[in-house]
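K.L.:
Predicted coordinates and the sequence they were generated for:
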4 protein chains.
Amino acid sequence: MAKVGFIGVGNMGAPMAINLVKAGHDVVAYDLMPELLKPVVEAGATAAASPKQAAEGAEFLVSMLPSGPIVESLYIHDEKLLDALSTETLVIDCSTIAPENAKNLATAAGERGISVVDAPVSGGVGGAVAGTLTFIVGGEQAAFERARPLLENMGKNVFHAGASGAGQMAKICNNMLLAVHMIGTAEALQLGVDNGLDPKVLSEIMLQSSGRNWSLEVYNPYPGVQDGVPASKDYSGGFQVALMNKDLGLALAAAGNSQSTAPMGHLARSLFLQHQRNGWAKKDFSSIQQWFNKES
Amino acid sequence: MAKVGFIGVGNMGAPMAINLVKAGHDVVAYDLMPELLKPVVEAGATAAASPKQAAEGAEFLVSMLPSGPIVESLYIHDEKLLDALSTETLVIDCSTIAPENAKNLATAAGERGISVVDAPVSGGVGGAVAGTLTFIVGGEQAAFERARPLLENMGKNVFHAGASGAGQMAKICNNMLLAVHMIGTAEALQLGVDNGLDPKVLSEIMLQSSGRNWSLEVYNPYPGVQDGVPASKDYSGGFQVALMNKDLGLALAAAGNSQSTAPMGHLARSLFLQHQRNGWAKKDFSSIQQWFNKES
Amino acid sequence: MAKVGFIGVGNMGAPMAINLVKAGHDVVAYDLMPELLKPVVEAGATAAASPKQAAEGAEFLVSMLPSGPIVESLYIHDEKLLDALSTETLVIDCSTIAPENAKNLATAAGERGISVVDAPVSGGVGGAVAGTLTFIVGGEQAAFERARPLLENMGKNVFHAGASGAGQMAKICNNMLLAVHMIGTAEALQLGVDNGLDPKVLSEIMLQSSGRNWSLEVYNPYPGVQDGVPASKDYSGGFQVALMNKDLGLALAAAGNSQSTAPMGHLARSLFLQHQRNGWAKKDFSSIQQWFNKES
Amino acid sequence: MAKVGFIGVGNMGAPMAINLVKAGHDVVAYDLMPELLKPVVEAGATAAASPKQAAEGAEFLVSMLPSGPIVESLYIHDEKLLDALSTETLVIDCSTIAPENAKNLATAAGERGISVVDAPVSGGVGGAVAGTLTFIVGGEQAAFERARPLLENMGKNVFHAGASGAGQMAKICNNMLLAVHMIGTAEALQLGVDNGLDPKVLSEIMLQSSGRNWSLEVYNPYPGVQDGVPASKDYSGGFQVALMNKDLGLALAAAGNSQSTAPMGHLARSLFLQHQRNGWAKKDFSSIQQWFNKES
């Protein structure tokens, strides 16, 4: 069992840290808002008074933070946490941030002899609690192998996408594609319904045909077609529109930098921005179905 | 075994008719271009000199024609074939046409006491030869049940989508969604590759994540990722760009009629039109990957 | 002064016919719905009991009908009006229809030695009443020259776009571009307002800069920026969303036939379809501004 | 006549500085690449060895830099130029940068009692040389009034868009709308040409109709329609595709921050990214016409 520092115990970070405790690790946790540490400490972690204290002597330092600038501020610019780390510590940043921020962190760490992997997650709060997250990891092979057992204490699938930043990149490619086929599914279902088809029958036919995709299979956006999905629970839970917008923003910023076209991604972005504007920020992203649904 | 009239024995119709012969049916075939009848007659069918002759005494009349106006011209307006049919004959129109044309046919037939199903196919020439087509059928339950065994002689999956026209409608919904996730997949792969990811690794990750879709699973558009798919054969074979454009045109005409939004479908339409314009009409539609690929 | 037959005296046709009466012409009018003839007869026209009667002995036959199939039905297929016309009669079809329908009419007329121009209008009911319509005309030079004085009795600008069908084509190109810059203007204004700009100031700046366009100049979509425009009258009057959708449908059908890409036109189409679906069919098309406006 | 510091004398900055010299100002110029100072010094300016030296005793400090991070680095973070400025100096930043960067600069300057206006330009190198630039200015009214005479030495139109950052914001709104109506114009012209219209005739008709916009009026993208425009000079000169992409990137980043939908802007972005990728980065942006033009 390892000594693990954990920085950032919000909605996602807390259950992840608790799963590490449950797996037998010695977890020292820090958060800017100390009250967030409560459930983690109750589960058996130790509270740290500063990021540096959380990182002291840690074999692994896990961070789960809201944005790339905050990650850079913590490790490099303001808190300068990298300067305090031992070269024995493996940094595992699970935040979803721009690949560029992840590369900056890896470069700055490398200059200090410290290894880093970027390991953004998918699976949401539900997956974090259940320990069934997916981790998409960027970094050197050896660092990936070292991180893997720890990640498996928090998740089910652990992928190695490539060098530093590749975890972030693969995640935003996946989520851009997810946005596209979710909207595509919603508009195809609506077109069918508008022309007299039963959404269940149409879903079943497309599932067994070339229209098949994850949105149809496990996340049907049309209310009443599938049990247990957000569409059948008033679009509560799931993956919030605001978070999809965050990921689409990262994807299109990357596309701009590499002059990648991404026309469907750009369109998806504008539709989810409008959907968020219309008041759906905290609802599941499959609620885009309702956008197509209005009756005059 | 049944007496079957078969009208239209082009690329698709000929192998379909031959599979009916092989299944033991007594097939009488007609085509405007008599030379197309040769392979069908060699396989054991009888050549008819007119549509009416093909239909005479038939238990089933199958048609496989290039467009809705041609279907209406044959059955209703010019050739007035419906007027010559017995009420015992079940019309099975396998052409891909507008749902409106299919409904017009069903209405005109119904006025004469004749049953019709619309039964457009997917699976291409390969599926027609192999007898593995998918049929998506619109029409009354009894007519569907009567048509099903015959369709199973030509295909593997037979779906009942709903009332007359519903087969056409469900097919174009499916193919619009297919166009969307194919482009979405291609642009996500390109975004990844432009940012240093290996397209195989990225495909593998997305396949096991929420980006999963039919294009990734069985039809990866990025050359060299998957064996045996059009992308690995210079985009030859498969489902031609020009045919995807035909189906998108039908889908968006239907969307216009029902005031369905279909923003992704509209964008897909414009991209496939440009792709066709650029010289890709006869290549497989997954070649849209090459559209994103150009280097300055 | 000429003898003029006039078929179709609805919202647009009636004031056009009345302007011909006012100009001194001898107008014989017909409509499927005889009650529509009242105001035209009161203004001095003669009522005809059939299209043929309206056309009898006419130097000009003007038609103003709702769709291409209806135009073809009247002149060619059902009513076969062309068969009854003298070769002395110049047909001026002012309906907005597909270029293909206009060409079919011109071809059928040409076979009978009859000249036709397609002369779709813009300017709406207001322009029809005021006699300030714009006519965009397709047909041979001589026919155009012959039609021009009559068109000038009903409008202010008369353009010759080219051969038969070119009037329709130029009109739908123009209206597609109009849809695009209206939406572009609305979204640019919204982006500015969302970021603290005053829509009047921003409009003024863009008007004097490279963003300038007709929508900004004479039809500002942001409420309160410009006096007298639909945006300042709750989007009443003007050019209805449903009519814009009709024209976009014609434009994109033409684009599909000629494999023209029109990506902005396709996107505009999907947005106006959604806008119509949301209940704005009868409001002015600049109300698309409200689509961008919603607050969560 | 005033003492003016000028930082950044590249393609745009150099002719702007020279116009200030010509207007009689005492200009002290600095650039990271000293060789760029030559033409400015030849015109009568003094070379400075550092930004601080350029700013010393200046009544106005003009900067023309390539990006927001560089502007912030110069004034705030690295060079900390603000700390060296007198409160008598008015900072006029003519760089095109994110409104957020402009606001950061204004805030940091305000804390030190220094006034700043953001004054991005349009008009390109040609306008900079000819002194006909347009300046769109953000900042307080008094600062704007103080800057105006100096700006009029370099340009023709000077607009006050609002508070700090509003100059940047108004510029990117304008340029997003420009991108949209340029593409809209190009695709409308192509649709017409594909259907037999003469691009000159169609342009003339749309110019006098509701399709009218700046692209049609003074910048027609179709080769051979208008003299002297980039389209008639192989798309050389003008406003480069790469610069349009820079502005669209800023516009959509702002849209993401304010949850503004901008669907046309997003589509324009993806098309110009593809166009740049295809090798057109340094050509005028009206060359997007060629994107639609390809023949199979």
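P.N.:
Here it is on my side, so go on. Residues are numbered from 1 along each chain as shown, chains lettered A, B, ... in the order given.
K.L.:
CA atoms for contacts and neighbours, from now on please.
P.N.:
Will do.
K.L.:
Report pLDDT for A:Asn293.
P.N.:
With respect to pLDDT, A:Asn293 has a value of 85.
K.L.:
Quick check: chain neighbours aside, which residue is closest to it?
P.N.:
Distances taken as CA to CA, 6 or more residues apart in numbering or on different chains place A:Gln190 nearest to A:Asn293, at 7.0 Å, with adjacent residues excluded.
K.L.:
you'd agree the one you found is up against A:Gln290?
P.N.:
No. Checked against CA atoms under 8 Å, the pair A:Gln190 and A:Gln290 is beyond contact range at 9.5 Å.
K.L.:
who's more crowded, these two?
P.N.:
Taking other CA atoms under 10 Å in any protein chain shown, A:Gln190 and A:Gln290 do not tie; A:Gln190 has more neighbours (24 against 18).
K.L.:
Report the contact partners of the residue of the stretch 101-250 of chain A found nearest chain B.
P.N.:
Using CA to the nearest CA, the closest approach of the stretch 101-250 of chain A to chain B is made by A:Asn213 at 3.7 Å. Counting by CA atoms under 8 Å, 6 or more residues apart in numbering or on different chains, A:Asn213 touches A:His181, A:Leu207, B:Gly211, B:Arg212, B:Asn213, B:Trp214.
K.L.:
rerun at 10 Å
P.N.:
A:178, A:181-182, A:184-185, A:206-207, A:219-220, B:177-178, B:181, B:207, B:210-217 (CA atoms under 10 Å, 6 or more residues apart in numbering or on different chains).
K.L.:
before we move on, the earlier item: pull up the overlap in contacts between A:Gln190 and A:Gln290.
P.N.:
Taking CA under 10 Å, 6+ apart as the contact rule, A:Gln190 and A:Gln290 both touch A:Tyr222.
K.L.:
returning to that earlier point: I figured the residue nearest to A:Asn293 was touching B:Gly265, is that so?
P.N.:
No. Taking contacts as CA atoms under 10 Å, A:Gln190 lies outside contact range of B:Gly265: 12.0 Å.
K.L.:
Quickly list what's touching both of those two.
P.N.:
Taking CA under 10 Å, 6+ apart as the criterion, A:Gln190 and B:Gly265 both touch A:Gly184, B:Cys173, B:Ala255.
K.L.:
most neighbours, which of those?
P.N.:
Neighbour max across the shared contacts of A:Gln190 and B:Gly265 (other CA under 10 Å) = A:Gly184, 31 neighbours.
K.L.:
excluding its backbone neighbours, what's nearest it?
P.N.:
In space, and not counting its chain neighbours, A:Gly184 is closest to B:Leu177: 5.6 Å by CA to CA, 6+ apart.
K.L.:
does that neighbour count as helix, strand or coil?
P.N.:
helix (DSSP: H, G, I helix; E, B strand; the rest coil).
K.L.:
OK, contacts around it?
P.N.:
A:180-189, A:206, A:210-213, B:171, B:183, B:248, B:262, B:264-265, B:268.
K.L.:
so where's chain A uncertain?
P.N.:
Low-confidence segments of chain A (pLDDT under 70): A:295-296.
K.L.:
can you map out the helices along it?
P.N.:
A:13-22, A:38-42, A:51-55, A:68-72, A:99-111, A:124-130, A:141-152, A:166-194, A:199-207, A:214-218, A:241-258, A:263-275, A:288-293 (DSSP state H).
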